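A.B. asks: Have a look at this prediction, sequence included:
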Amino acid sequence: HLIKPLVDLLLNDGYRVSFLDKEFSKSNLSQAKVLVIITALPFDFATETSALEKNTFSEKELNELQNWVKNGGSLLAFSEHAPFDQAINPLLKKFDIKSSVGTTIDTINYESRYGQGMIKFENNNLNKDHPVVSGKYKVEKLVSFGGSALTGPKYENILILGKSSLNTKHSTGIGPVGRGDSQGLVGTYGLGKIAVFGDSNGFTAMVFNMRDGNKMYAGMNTAGYDWKNFVLNTFSWLTKWKISEKMELIVLLALGLLVGLLIRKKGDNTMDTMGKGCGCLLWGALIIIGLLILLYFFADFIPDPPTD
């Protein structure tokens, strides 16, 4: 199966993985922290050439997904070459992202063994200021396998396409429509997180038999590139504590402490009791609130539990 290498990697890293074979709904989406949408089409692959006039997702599903992310869910979605780019664009539009239509190449930054469709990302084309690139696992060099180009000014561009990149007509005859400056966008949306990539092959591991008898490895199994580490960093970032979760914890505990300070026993000795105990309680409350604030800022250093 196309995503079996990804599933195996996540299981080995402690994640729980399940598959959603139903429409997006509040109850279905609430069962996971991360939703992965990869190579979505409204028809079986290669049975048709265009998805422009077809609905991959209903408007109701897209609204449910948008609300889920707004409320703290994490979305990992992929565009691709045509017709996958056409199929995913309505979903991306909900999150202020747009995919080009066709197939993307780069006339300078490419893997010479296989041509301009294999785009290299290294040095200035990798945004090393973001934890998906500079996280726990080392990422210095990636290569994509065509796909599409993305535009999303509200997000951080971590796989940067240069001026030498072009959107061209796909072999199906679709495109070129539009142009982007990225093959990897990440950021927050409401209380949730989003990671969108213009090519999905780096999250898989495929083998192609070439006409000359050699084999071409595309994805996490491509020698000399750091896709496996990049994938692990991506899921680590997507599953880290959300700001909403940490803030909710801090506010609730702080309120609980303050309420405890204000509760007074009925009786003649209430003020004496409060006078003797209030100072200690206040200092205790301040210490605990300080620890919670430290927890908020350094939560990324705390190991995450297994997550779906």
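C.D. replies: Yes, it's here.

A.B. asks: Show the low-confidence segments of the protein, by residue range.
C.D. replies: By pLDDT under 70, the low-scoring segments of the chain are 242-308.

A.B. asks: center of this structure, which residue is that?
C.D. replies: Nearest to the mean C-alpha position of the chain, by C-alpha atoms, centre = their mean, lies Ala195 at 2.8 Å.

A.B. asks: And the closest residue to Leu185 other than its chain neighbours, how close does it get to Asn71?
C.D. replies: Nearest non-adjacent residue to Leu185, counting by C-beta to C-beta, 6 or more residues apart in numbering: Tyr155, 4.1 Å away. Bear in mind the C-beta positions are built from the backbone N, C-alpha and C, glycine included. Computed as C-beta to C-beta, to the nearest Å, the Tyr155 to Asn71 distance reads 19 Å.

A.B. asks: about what we covered before: spit out the contact partners of the residue nearest to Leu185.
C.D. replies: Taking C-beta atoms under 8 Å, 6 or more residues apart in numbering as the criterion, Tyr155 is in contact with Ile97, Leu185, Val186, Gly187, Ile194, Val196.

A.B. asks: and those residues as TSV, adding distance to Lys54, secondary structure and neighbour count?
C.D. replies: What follows is the contacts of Tyr155, written out as TSV (distance: C-beta to C-beta, whole Å; DSSP: H, G, I helix; E, B strand; the rest coil; neighbours: other C-beta atoms under 10 Å):
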residue	distance to Lys54	secondary structure	neighbour count
Ile97	20	coil	25
Leu185	25	strand	27
Val186	28	strand	25
Gly187	29	strand	18
Ile194	24	strand	24
Val196	21	strand	25
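
A.B. asks: Columns distance to Ser58 on top of the residues you listed, output as CSV?
C.D. replies: What follows is those, written out as CSV (distance: C-beta to C-beta, whole Å):
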residue, distance to Ser58
Ile97, 19
Leu185, 24
Val186, 27
Gly187, 26
Ile194, 20
Val196, 20
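
A.B. asks: ok, those vs Val231, which is closest?
C.D. replies: Lowest distance from Val231 to the contacts of Tyr155 (C-beta to C-beta) belongs to Val186, with 13.3 Å.

A.B. asks: Alright, that wraps it up for me.
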